[in-house]
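# Quick check, what structure comes out for this input:
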Amino acid sequence: MAIIPDASAILSLAYDDEDTDYGHSLLDAIAENHAVVPTLFWFEVRNALLMGERRGRIAAEQTATFLVDLEILPFEVDDQPNESAVMALARQHTLTVYDAAYLELAQRRGASIATIDRALIRAAIATGVTIWSPAT
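Alright, predicted model coming up:
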């Protein structure tokens, strides 16, 4: 089964003050399986890293290294979201459109979603989408 990792799950590896066990397990699962991300994933990750730099959480050199390492992983980029479904999910579950894009992708692909975002976890549970965990 494909895994849909959101930016929060991946970014847990970028910062020294985060628990990285989940992220490392996720990277292992991605390397062994199939990961699919919406097009916005790469922009969202880069933006979060840039914000981390501005807040002093990560250095520019660490950002560059993190992105190089991340690009090695076998991500499939899905650029065909169902726009009306994304908007409906965002409205119904009070999500950002970005988070709703991950949820819509997981629903459409019948995939599990990897996230540490509480609102997205709640919405996934409410819609019957499986939450990826290191035990799955």
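# mind listing the strands for the protein?
Here the chain has its strands, by DSSP state E, at 3-5, 35-38, 75-78, 112-114.
# Now residue 12. Nearest residue, chain neighbours left out?
Closest residue to residue 12 apart from its sequence neighbours, by C-beta to C-beta, 6 or more residues apart in numbering: residue 23 at 4.1 Å. Every C-beta, even on glycine, is put in place using the N, C-alpha and C of the backbone.
# The one you found contacts residue 9, correct?
Yes. Using C-beta atoms under 8 Å, residue 23 makes contact with residue 9 at a distance of 6.6 Å.
# separation between the residue nearest to residue 12 and residue 100?
23 Å (C-beta to C-beta, to the nearest Å).
# Between these two, tell me which one has more neighbours.
Taking other C-beta atoms under 10 Å, residue 23 and residue 100 do not tie; residue 100 has more neighbours (24 against 21).
# ok, that one - contacts?
By C-beta atoms under 8 Å, 6 or more residues apart in numbering, the contact list for residue 100 reads 86-87, 89-90, 93, 123.
# Pull out the buried members of the residues you listed.
With burial judged by 16 or more other C-beta atoms under 10 Å, the buried subset of the contacts of residue 100 is 86, 89-90, 93, 123.
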